[in-house]
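Engineer: What would the 3D arrangement of this be:
(2 chains)
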Amino acid sequence: MKNIQQIESQIQKIKTALADERESVEDLETLIGQRIEAELWGLSKKELEKEAWDSFYILEKNKDCLEEEPIVSHRKLSGAVIVLYKRVLRALLRPYTKTILARQVRFNRELVRLHLANILRLEKIEERVVALETGTPTSRAEQG
Amino acid sequence: MKIALFSPLHPMKSGIADYTEEMLPLLRKHLEIDLYFDPQFMPTDASLRSEFKVHPFRPDSFCASDYDAVVYHMGNYYPAHRFIYEALRKNPGIVVLHDYVLQGFYARRAEVERNFGEYRGLLETCYGTAGSEIADGVSRRVQPPIWETEEALDFPLNEEVLDLATGVIVHSDFVKNRVQRKTAKPVVRIPHHGHVLKAFDRVAERKKWEVGPDEILVSSIGFVNRNRRYERVIAALGELADSRLSYFIAGEDRGRLLRELIAGSKVRVSVQSFLPLEELESLIVASDICVNLRYPTMGESSGALLRQMGYARPTLITNCGSYAEIPDWAAVKIEPGMDESALLKAHLAALIEDPDFRESLGKAASSYVRSECDIEKCAQSYADFIAATASGRKQDGRDK
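Structural biologist: Sure thing, here's the model as predicted:
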């Protein structure tokens, strides 16, 4: 029969093992270069915060859709021709795509900025709520 | 001291009816009690009728001044608490707040009484624009409704009840702290009492439920709601892929939530919509593991949980709200969120594989209930608080 310390430690051991496993899942995300999508509805506040920041960094990284990806080909012989053909095509289409995508870039930049402002605003509101709940005074400047 | 007590009583299918009927014999050692019930549901327990003055509640004939105090058991289940709410509105008194969030009660009331305007008005009075947005959501039947979300704790819609209360009894510090932020009236935490346990022969009970000696019976009891996390529990049990496992759910599935979950399940699941108390306790005793998850919480305390723990069953609960106050050694506390299913699976596997872990956790649970939730101590605390609140009110009356 286990005593209460042993029970507590057995439960904690299971939780720790799972937390370690979770960390290795995060490594896996880095390894595969993409995120493993989580069901947002079931997440706790802390996990939602992490998701919000992760999503924000992805948006931030990809906001400039004018930034061109290098053209490469894995084919040995025909590769050089394909690359050349694509480069010419891209150069020909650039004036048209630039007109459309420039607007998209402006839109993306504003959207990313708006998201950042909202995330920061939420954080400030949360700080204020905690301060109000615990009775810690906050300065007028911070409140503003 | 003479009190009028308003509570759901059997035949009402309500955990609060179980709670009150168990507490009454001990409470009457301290107080003279008149029981008031909904005239539509005559109490079925003959001993109540013989040991207490039992009255159907009639608003016109009820006279609060005949009593030193009036006590109302208030909860979220509209059919059970309708008459209690109507009585409280006319005669303020001590409120036992079984659920911190009363959104569900008010929404159902608006629907049944076809008085959405009053409901919207109350929401707007309490929460301004946010209140009117909540009313819009409820009228458009937006899913999930607010009372099934984390947001409910910020908009509990208990303000009217707290305004009418002369004192408030709650079961957890989680609710007490929140209530104290809303009202300066006296608030006391009296833990949900542990139940009076009956003697069962576990081997015989297992036979009754057709559970073999080597099988592992996991059970959950109580109304089937989204916040009971059945999809997670069934998925975790299914992933364990253990042929010894079977899962029994005893609870009314008013929203028919289980049908789909069970259809695709990899574990044997049986559902019994409602079990009388004796059978419910027999199921608990026959079980190897109990699961009692709640998330989001409405600030309730679970009588079913104390029954499971009282009968020394190892129980998995959600680490939130009042459940977080249970010590880490008395139940397995599962954090709600991304890892919930994995945590469930890992702990269930550990409990299945280790009978000693099951037995030790069960015994620790039962010792916690015995020491912290003793029904006699709870009855004494009720009597003390009722006396203090009543004398405080008399004092206030004289001061005026």
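Engineer: Number of residues surrounding the nearest residue to B:F41 once chain neighbours are set aside?
Structural biologist: Using C-beta to C-beta, 6 or more residues apart in numbering or on different chains and skipping the chain neighbours, the partner closest in space to B:F41 is B:M12 (5.5 Å). Yep, even glycine has a C-beta here, placed from its N, CA and C like the rest. Burial of B:M12 is recorded as 20 neighbouring residues (other C-beta atoms under 10 Å in any protein chain shown).
Engineer: Now do the contacts for B:M12.
Structural biologist: Residues in contact with B:M12, defined by C-beta atoms under 8 Å, 6 or more residues apart in numbering or on different chains, are B:D38, B:F41, B:P79, B:A80.
Engineer: Using just helix, strand and coil, how would you label the second one?
Structural biologist: So the one you mean is B:F41. Under DSSP: H, G, I helix; E, B strand; the rest coil, the three-state class of B:F41 is coil.
Engineer: Quick check on it: phi, psi?
Structural biologist: Note on B:F41: backbone dihedrals following degrees, to the nearest 10 are phi -130, psi 90.
Engineer: In contact with the residue nearest to the spatial centre of chain B, which residues?
Structural biologist: Centroid-nearest residue in chain B: B:S302, 4.3 Å away (criterion: C-alpha atoms, centre = their mean). By C-beta under 8 Å, 6+ apart, B:S302 lies in contact with B:G15, B:H192, B:G222, B:N292, B:R294, B:Y323.
Engineer: Could you list which of the residues you listed also contact chain A?
Structural biologist: When C-beta under 8 Å from any C-beta of the partner chain is applied, no member of the contacts of B:S302 is adjacent to chain A.
Engineer: which residues are contacting stretch B:172-182?
Structural biologist: Stretch B:172-182 is contacted from outside by A:133, B:97, B:100, B:153, B:156, B:158-159, B:162, B:168, B:170, B:187-189, B:191, B:299, B:301, B:321-322, B:324-325, using C-beta under 8 Å, 6+ apart.
Engineer: Tell me the buried residues in it?
Structural biologist: The neighbour-count check on stretch B:172-182 (16 or more other C-beta atoms under 10 Å in any protein chain shown) flags B:S172, B:F174, B:V175, B:K176, B:R178, B:V179 as buried.
Engineer: Adding pLDDT and secondary structure, write these out as TSV.
Structural biologist: Formatted as TSV, these follow (pLDDT from 0 to 100; DSSP: H, G, I helix; E, B strand; the rest coil):
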residue	pLDDT	secondary structure
B:S172	96	coil
B:F174	95	helix
B:V175	96	helix
B:K176	97	helix
B:R178	96	helix
B:V179	97	helix
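Engineer: Show me what from the stretch 251-400 of chain B comes close to chain A.
Structural biologist: Residues of the stretch 251-400 of chain B lying near chain A by C-beta under 8 Å from any C-beta: B:327-329, B:332-333, B:335-340, B:342-343, B:346-347, B:350, B:356-357, B:359-361, B:363-364.
Engineer: Which among these count as buried?
Structural biologist: The neighbour-count test (16+ other C-beta under 10 Å) marks B:328-329, B:332-333, B:335-340, B:342-343, B:346-347, B:350, B:357, B:360-361, B:363-364 as buried among those.
Engineer: In strands, which of the residues you listed fall?
Structural biologist: Among those, DSSP state E puts B:V332, B:K333 in strands.
Engineer: Out of the buried ones among the residues of the stretch 251-400 of chain B next to chain A, which sit inside helices?
Structural biologist: Taking DSSP state H as the definition of helices, those contribute B:E340, B:A342, B:L343, B:A346, B:H347, B:A350, B:F357, B:S360, B:L361, B:K363, B:A364.
Engineer: out of those, who's nearest chain A?
Structural biologist: Within those, the smallest distance to chain A is 3.7 Å, found for B:S360 (C-beta to the nearest C-beta).
Engineer: what's the spacing between the closest one and B:R228?
Structural biologist: Separation of B:S360 from B:R228 (C-beta to C-beta, to the nearest Å): 26 Å.
Engineer: Then B:T297?
Structural biologist: Between B:T297 and B:R228 the computed distance is 11 Å (C-beta to C-beta).
Engineer: Over to A:G135?
Structural biologist: Distance from A:G135 to B:R228, counting by C-beta to C-beta: 36 Å.
Engineer: which one of these two has more residues nearby?
Structural biologist: Between A:G135 and B:R228, B:R228 has the larger neighbour count (other C-beta under 10 Å), namely 23 against 6.
Engineer: thought the more buried one was touching B:P296?
Structural biologist: No: B:R228 is beyond contact range of B:P296, at 11.3 Å (criterion: C-beta atoms under 8 Å).
Engineer: what's the longest helix anywhere in chain A packed up against?
Structural biologist: Secondary structure assigned by DSSP H gives helix A:79-134 as the longest helix of chain A. In terms of contacts (3 or more C-beta pairs under 8 Å, 6 or more residues apart in numbering or on different chains; DSSP states H and E), helix A:79-134 is packed against helix A:45-62, helix A:140-143.
Engineer: mean confidence score for that helix?
Structural biologist: Average pLDDT, helix A:79-134: 88.
Engineer: could you give the angle of that helix to helix A:45-62?
Structural biologist: Computed with axes from the mean of the first three to the mean of the last three C-alpha atoms, to 10 degrees, the direction of helix A:79-134 lies at 140 degrees from that of helix A:45-62.
Engineer: And B:D173, how far from chain A?
Structural biologist: Distance, B:D173 to chain A, by C-beta to the nearest C-beta, to the nearest Å: 14 Å.
Engineer: repeat for B:R89
Structural biologist: For B:R89, the distance to chain A (C-beta to the nearest C-beta) stands at 31 Å.
Engineer: Repeat that for B:F385.
Structural biologist: For B:F385, the distance to chain A - C-beta to the nearest C-beta - is 26 Å.
Engineer: List the contacts of that residue.
Structural biologist: By C-beta under 8 Å, 6+ apart, B:F385 lies in contact with B:I94, B:G167, B:I169, B:P186, B:V188, B:I190.
Engineer: what do you get for B:S301?
Structural biologist: B:H98, B:H171, B:S172, B:P191, B:H192, B:S322.
Engineer: okay, the helices and strands packed on helix A:79-134, which one's buried deepest?
Structural biologist: Ranked by mean neighbour count, these are led by helix A:45-62 with a mean of 13 (mean count of other C-beta atoms under 10 Å in any protein chain shown).
Engineer: Keeping just the C-alphas, turn that helix into PDB.
Structural biologist: What follows is helix A:45-62, C-alpha atoms only, in PDB (Å, rounded to 0.1, in the frame of the first residue of the first chain):
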ATOM      1  CA  LYS A  45      -5.200  30.100 -21.500                       C
ATOM      2  CA  LYS A  46      -1.500  29.600 -21.400                       C
ATOM      3  CA  GLU A  47      -1.600  27.300 -24.400                       C
ATOM      4  CA  LEU A  48      -3.800  29.800 -26.300                       C
ATOM      5  CA  GLU A  49      -1.200  32.500 -25.600                       C
ATOM      6  CA  LYS A  50       1.500  30.300 -27.100                       C
ATOM      7  CA  GLU A  51      -0.600  29.400 -30.100                       C
ATOM      8  CA  ALA A  52      -1.400  33.100 -30.600                       C
ATOM      9  CA  TRP A  53       2.400  34.000 -30.600                       C
ATOM     10  CA  ASP A  54       3.300  31.100 -32.800                       C
ATOM     11  CA  SER A  55       0.700  32.100 -35.400                       C
ATOM     12  CA  PHE A  56       1.800  35.700 -35.200                       C
ATOM     13  CA  TYR A  57       5.500  34.800 -35.900                       C
ATOM     14  CA  ILE A  58       4.400  32.700 -38.900                       C
ATOM     15  CA  LEU A  59       2.300  35.700 -40.200                       C
ATOM     16  CA  GLU A  60       5.100  38.100 -39.600                       C
ATOM     17  CA  LYS A  61       7.600  35.800 -41.400                       C
ATOM     18  CA  ASN A  62       5.300  35.500 -44.500                       C
END
